[in-house]
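> fold the stuff below for me.
(one chain, ligands or ions: 1)
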Amino acid sequence: MSKHEIDRRAFLRGAAVTSALVMAARALPLAPLAAALDAERHLARVKVARNRVIRTVVGLRPYRSEGFVIEAERLGRKLLVHNYGHGGAGVTLSWGTSSLAVDLARDFVQTRPDRSANRRFAVLGCGVIGLSSARLLQQRFPGIVSIYAKNLPPDTTSNIAGALWYPTSSFDPEQVTAKFSEQFRVACQLSNRAFQGLVGPDYGVRWTDTLELIRNEASLERELFGGAQLYPQTEIHRDPKRYFGFPFTRQFSTMMIEPHVYLRALLRDFYIAGGKVVVKEFKNRQDIARLRESVIFNCTGLGSRALFDDQKLIPVRGQLEVLLPQPEVDYCYISGSGYMFPRRDGIILGGTFDHDDWSLQPDPQQTTAILEGHMEIMKQAGDQ
Ligand SMILES: Cc1cc2nc3c(=O)[nH]c(=O)nc-3n(C[C@H](O)[C@H](O)[C@H](O)COP(=O)(O)OP(=O)(O)OC[C@H]3O[C@@H](n4cnc5c(N)ncnc54)[C@H](O)[C@@H]3O)c2cc1C
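Take a look at the predicted model:
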């Protein structure tokens, strides 16, 4: 057994004992003891170094300042339901917006003469939105669901995502309507609940402590995206020594999703339930109208800009640096200068948000800026 493995086991044993003690203390009227034990929680240092970078990835977030589109329209005798434009929160919102979109087809489906299991649905797109929509269709209606897509996982934007359950960067609050805000709130709630049911290694979803590192006290006033009730165990810390030099830290629990594991699992579930996948690129509406299916879901992400001439849909380019995995890092952080998500396949360091930039090429200057930003944060780590 290697020294690393012995250290890791000792660490895990220690962590298990500490969490057992914390749970026991919480069960008894020993709140101060539980708080003291919680305070001992170790924030392992992220080893940010250029020679630990294992890959640099770039993706284009499908962003609309007015928010995502969930709408139904007629395409001749067919029904076309749109579900696209989720910006930097497509994974987070996927089950919620897909549930709302699938609801839009209910009347059409139920009033059609053909209610048999032969009814056919088409889903355009095989990213997280297409896969979630396809699975919900399989669960809610009898029939055959086919996914048509130019690219499949692992070659979708959804595979590039961080992906923390955190519905941020998906619209401009100044540009949205009250109707959209309500739709967003409902989508967050539905989606959060659905992800909770998928927690475990099979889907690559787990609960994680997240630290929002804050310099300006006024930021603490801001409600967490989608509603405070979605973030259990929220606590405010004013302890710069422990929290990387930041005067304020908002700690909360949310879910971490490993996109490669997760999307593979959704695709597997889709096949098991009888789904079919066709690799196909659509050039325009006429191409889509030629499909044999009478109910079609548009989940083409940024592809919707060209396909449906939605000029409000723009790319927000994001570059991530991925470091060698560090199993001992068991928390995420988000700060004004970037974020860190520890995944099984690497430590994700984000990130950039470049509006209307279509380049998929890694930018070496951004690599340097991302690494230096996180090195600066880790300079203040307590265990150096
Ligand atoms: C750097 C970065 C970090 C991110 N981090 C997070 C995060 O932490 N949390 C989070 O929730 N979200 C995150 N996101 C956002 C998330 O990745 C997107 O919102 C989400 O992937 C959008 O999913 P989608 O299914 O709509 O699009 P995609 O994954 O792009 O899928 C679109 C599908 O449509 C197909 N398609 C497109 N056009 C056509 C066409 N003409 N014909 C046929 N098929 C077509 C594509 O081939 C693909 O299969 C991040 C994104 C980036 C880039």
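
> how about Leu93, what does it touch?
With contacts defined as CB atoms under 8 Å, 6 or more residues apart in numbering, Leu93 is in contact with Phe68, His86, Pro167, Ser170, Phe184, Ala187, Cys188, Ser191. In this view, the C-beta of every residue, glycine as well, is placed from N, C-alpha and C.

> 6 Å instead?
His86, Pro167, Ala187, Ser191 (CB atoms under 6 Å, 6 or more residues apart in numbering).

> cool, and Met375?
Under the criterion of CB under 6 Å, 6+ apart, the neighbours of Met375 are Val48.

> what pLDDT is listed against it?
At Met375, the predicted lDDT confidence score is 96.

> gap between the two ends of stretch 333-340?
This stretch, stretch 333-340, spans 5 Å end to end (CA to CA, to the nearest Å).

> about what we covered before: what's the most distant pair in the contacts of Leu93?
His86 and Ser191 (10.5 Å; CB to CB).

> more neighbours: which of these two?
The neighbour count for His86 versus Ser191, taken as other CB atoms under 10 Å, is higher for His86 (32 against 25).

> distance of that one from Glu66?
For His86, the distance to Glu66 equals 13 Å [CB to CB, to the nearest Å].

> on that earlier part again, want to throw the contacts of Leu93 into a markdown table with pLDDT and secondary structure?
As requested, those are arranged in a markdown table below (pLDDT from 0 to 100; DSSP: H, G, I helix; E, B strand; the rest coil):
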| residue | pLDDT | secondary structure |
| --- | --- | --- |
| His86 | 98 | coil |
| Pro167 | 97 | coil |
| Ala187 | 98 | helix |
| Ser191 | 98 | helix |
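
> make a markdown table out of those and add distance to the ligand.
As requested, these are exported to a markdown table (distance: CB to the nearest ligand atom, whole Å):
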| residue | distance to the ligand |
| --- | --- |
| His86 | 4 |
| Pro167 | 7 |
| Ala187 | 12 |
| Ser191 | 9 |
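
> and of the residues you listed, the nearest to Ile214?
Using CB to CB, Pro167 comes nearest to Ile214 of these, at 18.6 Å.

> for the closest one, give me its contacts.
Counted by CB under 6 Å, 6+ apart, Pro167 has contacts Ala89, Thr92, Leu93, Cys188, Phe225, Gly226.

> for the helix or strand harbouring the third one, buried residues please.
The one in question is Leu93. If you go by DSSP states H and E, Leu93 is part of helix 90-104. When neighbours are counted by 16 or more other CB atoms under 10 Å, the buried residues of helix 90-104 are found to be 90-102, 104.

> tell me which two in those are the farthest apart.
Farthest pair in these (CB to CB) is Val91 and Leu104. Separation: 21.4 Å.

> find the nearest non-adjacent residue to the residue nearest the centre of the chain, please.
A centroid search over the chain (CA atoms, centre = their mean) returns Val91, at 3.4 Å, as the residue closest to the centre. For Val91, the nearest residue in space outside its immediate sequence neighbours is Ala163; the separation is 4.1 Å by CB to CB, 6 or more residues apart in numbering.

> any idea how far the one you found lies from the ligand?
Noted for Ala163: a distance of 4 Å to the ligand, by CB to the nearest ligand atom, to the nearest Å.

> hmm, that residue is touching Pro259, no?
Yes - with contact defined as CB atoms under 6 Å, Ala163 reaches Pro259; the gap is 5.1 Å.

> next one: phi and psi at Tyr339?
Dihedral angles phi and psi of Tyr339 (degrees, to the nearest 10) take the values phi -140, psi 160.

> check contacts around the residue nearest to it when sequence neighbours are not counted.
By the measure of CB to CB, 6+ apart, the closest residue to Tyr339 outside its immediate chain neighbours is Gly350, 4.6 Å from it. By CB under 6 Å, 6+ apart, the contact list for Gly350 reads Leu320, Gly338, Tyr339.

> what's the local residue count around the second one?
Right, the one you point to is Gly338. Residue neighbour count, defined by other CB under 10 Å, stands at 22 for Gly338.
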